[in-house]
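Chemist: Build me a structure from this.
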Amino acid sequence: QVQLVESGGGLVQAGGSLRLSCAASGLTFSRSDMAWFRQAPGKERDFVASIRWSGGITSYADSVKVRFTISRDNAKNTVYLQMNSLKSEDTAVYYCAGRKSSFSSYDYWGQGTQVTVSS
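Modeler: Numbers count the residues shown, from 1 in each chain. You can find the predicted model right below:
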């Protein structure tokens with residue numbers, strides 16, 4: 001059974017930083033693409049960032065480029081999202097996602113962690 005468990009969310013002031021972590025189990029993590037999505041109240045879930053299984057290719061939503069960094073530690077089966085210069089519009093529930101193939105949709109999802117940025 002695949003489990004993705006996010007942590008690191010919380011309340012932070014605008015301009016501050018947070019680092020989210022996602023611990024994965026039950027999948028071949030080192031061969032799985034991973035990503036972060038977020039969903040703000042009343043809005044659809046949006047893509048934030050992704051990282052290929054090899055770690056060499058990353059992708060970001062335009063709204064978070066430069067401010068956010070996705071990384072992974074295959075030895076720890078963990079993916080991270082470093083968020084800097086946070087804005088109130090970054091407030092959302094952040095979800096970790098994984099997929100077995102770079103040619104498929106994201107198959108696995110965590111339960112989410114709340115990030116609230118106060119202005």
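
Chemist: tell me the contacts of the closest residue to Val117 other than its chain neighbours?
Modeler: Using Cβ to Cβ, 6 or more residues apart in numbering and skipping the chain neighbours, the partner closest in space to Val117 is Leu86 (4.6 Å). (Each C-beta comes from the backbone N, C-alpha and C, glycine too.) Counting by Cβ atoms under 8 Å, 6 or more residues apart in numbering, Leu86 makes contact with 12-18, 67, 115, 117.

Chemist: Let me have those in CSV, extended by pLDDT and secondary structure.
Modeler: Formatted as CSV, the contacts of Leu86 follow (pLDDT from 0 to 100; DSSP: H, G, I helix; E, B strand; the rest coil):
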residue, pLDDT, secondary structure
Val12, 98, strand
Gln13, 98, strand
Ala14, 98, coil
Gly15, 98, coil
Gly16, 98, coil
Ser17, 98, coil
Leu18, 98, strand
Arg67, 98, coil
Val115, 98, strand
Val117, 98, strand
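
Chemist: per-residue confidence for Met83?
Modeler: You'll see Met83 listed with a pLDDT of 98.
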